[in-house]
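Trainee: Got a sequence here, can you model it:
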Amino acid sequence: MSNITGILGREELKKHFNEALVNGKVSHAYIFSGEPGTGKKTVAKSFAQILLCEGVESHVEKGDAVVEKIHACGRCESCKMAMEKKHPDIIFIEKETGKKSISVEDIREKLINDVAVKPYKGPYKVYIIKEAQDLSIEAQSAMLKTMEEPPEYAVIILLVNTDSLLLPTIRSRCETIEIPILSDEIVNEYLKAEYGQKEGIKADDIRFATVFSEGKIGRGMVALTNPDFKLLKHDVIRLVTGIYDMDYNDMVAAVRKTKDYNDILIDYFFELMSIWYRDVLMFKSTRDANDLMYKEEISEISKQAQVISYEGLDLITKAVEKAKERLRANVSFEVAMEMLLMAIQENMNL
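Mentor: Predicted coordinates for the structure are as follows:
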């Protein structure tokens, strides 16, 4: 799944890249735009691998490359280095931990100065800038000359959630590719192929990750492989199964524990809570455990389904959404969480 044929559900995108290769029209600068988790980095890495594949290069040079049949071989030295994340001609640029932006110094060191050095091997040198919407204005301005007069071997890919924060002069020099979300079937197929044989990953884990992904492969990968996510899920289950007996001090302790999550995990925290109460509602309505996300917790889900009314579940679900709104409105996390926990406890008695 590490080459361009592994980008499931992206047939038009694969065809577009392959036609560019065959016709010698690979752009020097791309913007890959899409919601977080849609697989922008996966597409970029796969595109980089096919650009550098020795087999593809050979067919293109001989003029016998066929658009429908182009794919990275996965066997040549270049492909192996790419799959092991050790290829010297695939350069990743991202903001440093704790920094709010990608600085002009980073761009000068890792792109502007580096691009003058020819590729280690193969026809291209690929720069993948992650979260490029966080490039500082100075960094973007410094990139302009390189993007206007790039070496023939340079390919710069900017990964963005939205390109609205990029300078118009940057956008005008790039080919923009929209990366859409995928169907659950395609995400499930991808996750099974990538992780289905990995130790410790069960079929139910992949099923959970597929539904949680909401069509975004990156989210599914996080749900399967990120140890912090697994701890987060455990914390959510412990909270929603124990909240009925909590007093105020217990709630304060729970809030203190969860406030240490990073911003992404905080969003996932609320989503995992929403999924729990969706499961309770579904089981209350159908008495069928087959489609539950938290299947392993069926005993507690069944108990809550008997205790909480439809009205109570509706109010709890709205309380979770309200907590998200409060955070977006810059209400402190501690206040938003305390209000949410009290609302859940109150509505469990309806």
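
Trainee: Output the below-cut-off pLDDT ranges for the protein.
Mentor: By pLDDT under 70, the low-scoring segments of the chain are 1-9, 259-260, 263, 350.

Trainee: okay, now the domains of it?
Mentor: For the chain, the structural domains run 4-178, 226-347, going by automatic domain parsing.

Trainee: buried set for the helix ranked longest in the chain?
Mentor: Secondary structure of the chain read by DSSP state H shows that its longest helix is helix 263-286. Residues of helix 263-286 classed as buried by neighbour count (16 or more other CB atoms under 10 Å): 265-266, 268-273, 275-277, 279-284. For glycine as for every other residue, the C-beta is placed from the backbone atoms N, C-alpha and C.

Trainee: Next SSE downstream of that helix?
Mentor: Once the chain leaves helix 263-286, the next helix or strand it forms, by DSSP states H and E, is helix 298-307.

Trainee: quick one, phi/psi of Cys130?
Mentor: For residue 130 the amino acid is Lys, not Cys. When read as degrees, to the nearest 10, the backbone of Lys130 gives phi -80, psi 140.

Trainee: what's the burial count for the residue nearest to it when sequence neighbours are not counted?
Mentor: Leaving aside its sequence neighbours, Lys130 sits nearest to Glu94 (CB to CB, 6 or more residues apart in numbering; 4.1 Å). Counted with other CB atoms under 10 Å, residues neighbouring Glu94 total 16.

Trainee: List the buried residues of stretch 18-37.
Mentor: By neighbour count with 16+ other CB under 10 Å, stretch 18-37 contains the buried residues 18, 20-22, 26, 28-35, 37.

Trainee: wait, stretch 193-201
Mentor: In stretch 193-201, counting by 16+ other CB under 10 Å, buried: Glu194, Tyr195, Ile201.

Trainee: Same check on stretch 145-165?
Mentor: Neighbour counts over stretch 145-165 (16+ other CB under 10 Å) mark 146-147, 150, 153-161, 163 as buried.

Trainee: Quick check: the two most widely separated of those residues?
Mentor: Across the buried residues of stretch 145-165, no pair lies farther apart than Tyr153 and Asn161, at 28.5 Å, counting by CB to CB.

Trainee: Give me the most central residue, the protein.
Mentor: Residue closest to the mean C-alpha point of the chain, counted by CA atoms, centre = their mean, is Gly37 at 2.2 Å.

Trainee: isn't that one right up against Ala223?
Mentor: No - using CB atoms under 8 Å, Gly37 is not in contact with Ala223; the gap is 10.0 Å.

Trainee: shared neighbours of the two, anything?
Mentor: Taking CB atoms under 8 Å, 6 or more residues apart in numbering as the criterion, Gly37 and Ala223 both touch Ser213.

Trainee: just checking, Lys15 touches Val67?
Mentor: Yes - counting by CB under 8 Å, Val67 is a contact partner of Lys15 at 6.5 Å.

Trainee: For Glu296, which non-adjacent residue is spatially closest?
Mentor: Closest residue to Glu296 apart from its sequence neighbours, by CB to CB, 6+ apart: Asp204 at 7.4 Å.

Trainee: surely the one you found meets Glu297?
Mentor: No - with contacts counted by CB under 8 Å, Asp204 stays clear of Glu297, the gap being 11.7 Å.

Trainee: which of the two has more neighbours?
Mentor: More crowded of Asp204 and Glu297, by other CB under 10 Å: Glu297, with 18 against 12.

Trainee: gap between the nearest residue to that one once chain neighbours are set aside and Trp276?
Mentor: Leaving out its chain neighbours, the residue that sits closest to Glu297 by CB to CB, 6+ apart is Ile237, at 6.2 Å. Noted for Ile237: a distance of 7 Å to Trp276, by CB to CB, to the nearest Å.

Trainee: how about the strands in the protein?
Mentor: Taking DSSP state E to define them, one finds strands in the chain at 29-33, 90-93, 125-129, 154-160, 175-178.

Trainee: Make JSON lines out of the domains of the chain and add distance to Ala209.
Mentor: Below are the domains of the chain laid out as JSON lines (distance: least, CB to CB, whole Å):
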{"stretch": "domain 4-178", "distance to Ala209": "11"}
{"stretch": "domain 226-347", "distance to Ala209": "9"}
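
Trainee: Thought Gln345 was touching Ile243, still the case?
Mentor: Yes - with contact defined as CB under 8 Å, Ile243 reaches Gln345; the gap is 5.8 Å.

Trainee: correct me, but Ser103 touches Ala139?
Mentor: Yes - with contact defined as CB under 8 Å, Ser103 reaches Ala139; the gap is 6.1 Å.

Trainee: Who has more neighbours out of the two?
Mentor: Neighbours of Ser103 and Ala139, each counted by other CB under 10 Å, are more numerous for Ala139; the result is 23 against 17.

Trainee: hey, what's in contact with both of Ile237 and Trp276?
Mentor: Common contacts of Ile237 and Trp276 (CB under 8 Å, 6+ apart): Tyr294.
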